[in-house]
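predicted model follows, preceded by the sequence.
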Amino acid sequence: MAVPGYGLKALEVENLVKSRGKMVVLDNVNLSLEVGEFMGILGPAGAGKSTLLNILSTLEKPDGGKFKLLGVEPRGRERSVLRRMGIWLSEDVLIPPFTVWQNLWFSSLFLGIPFHLRRRRISKYLNAAGIWELRGRTVSSLSLKEKGLVNAVRVILNEPSLLLLDEPESKLDAEGMDFFWQQISHLRAEHNTAILWASTRGEWFEGADRVAIMKRGRIIACDTPLHLKRTISGKLPELQTAFPQSVTLEEVFLSLIGGGNG
């Protein structure tokens, strides 16, 4: 496992604001992610997680605030910094009429992977995912499980320095998640890849370096899983005798958001 970069920032977000009409979607969001760090963003549907990742992926513009990706403000330089990132958002970016190989080749072009590495890199990850035999099939003919694995390969194809992940677990079965965990763990160990992963489920972040909890567009807590559990167990006497073995991030999450939906 990679050791976080102790002050080297993979991501810096300062006072990010976004509204849709009269609804505030992001309310002065601040966070930073060190090189090599794994941070989970935990929040219910409607908390602003997807909007935050869309902005960080440069697909949306914020109404206020600023951010840096791998030390670079992306203004006018999106292409160069995006080539060093792996991005999995809620919207499917695979092109249905194209084959699996064509989709991954197109991704490798966008990501700037050198020509002499493209075929080798695509073949390597298709084989690792166990879907080499799907390379000639169109994406439209694949099952949801198979599409999930193709997306997993697409996200790691450039062996990125920063991963932005919006609930990848919703597109992968247990076997697919095993593959994805193995690959992102390898990226952290070998390339010091930083990971920002958003989910509604705390189980994925028990091993994270830090977890940020979002509610109604704000980050209401951000700390290590252990410190978050200590805070909550102190407030809930019934959990103190079980701490830390039986206290889960799910319990921390539900306690902090008050069982609400935003």
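On my side now, so go ahead.

where do the helices sit along this protein?
Assigned by DSSP state H, the helices in the chain fall at 49-56, 78-82, 100-110, 115-129, 144-156, 174-191, 225-235, 237-240, 249-257.

can I get those helices in TSV including mean pLDDT, mean neighbour count and distance to Leu163?
No exception for glycine: its C-beta is placed from N, CA and C like everyone else's. Compiled in TSV, the helices of the chain are given as follows (pLDDT from 0 to 100; neighbours: other C-beta atoms under 10 Å; distance: least, C-beta to C-beta, whole Å):
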stretch	mean pLDDT	mean neighbour count	distance to Leu163
helix 49-56	97	23	11
helix 78-82	87	15	12
helix 100-110	97	18	15
helix 115-129	96	16	14
helix 144-156	97	21	7
helix 174-191	96	16	7
helix 225-235	79	17	19
helix 237-240	55	12	32
helix 249-257	84	20	20
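
Serialize those helices to a markdown table and add fields for distance to Glu34.
Formatted as a markdown table, the helices of the chain follow (distance: least, C-beta to C-beta, whole Å):
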| stretch | distance to Glu34 |
| --- | --- |
| helix 49-56 | 16 |
| helix 78-82 | 17 |
| helix 100-110 | 27 |
| helix 115-129 | 26 |
| helix 144-156 | 20 |
| helix 174-191 | 12 |
| helix 225-235 | 16 |
| helix 237-240 | 30 |
| helix 249-257 | 20 |
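
can you tell which of the ones you listed is closest to Ile41?
Set against Ile41 and scored by C-beta to C-beta, the helices of the chain come closest in helix 49-56, at 5.4 Å.

helices and strands around the closest one, which ones?
strand 9-20, strand 23-34, strand 64-69, strand 162-166, strand 194-199 (3 or more C-beta pairs under 8 Å, 6 or more residues apart in numbering; DSSP states H and E).

tell me the most buried of the ones you listed?
Greatest average neighbour count among the helices and strands packed on helix 49-56 goes to strand 194-199 (a mean of 24), per mean count of other C-beta atoms under 10 Å.

can you list the strands that it pairs with?
In the sheet, strand 194-199 lines up against strand 38-42 (parallel), strand 162-166 (parallel) (DSSP bridges).

closest one to Arg218 among those strands?
Comparing these under C-beta to C-beta, the one sitting nearest is strand 38-42, at 12.0 Å.
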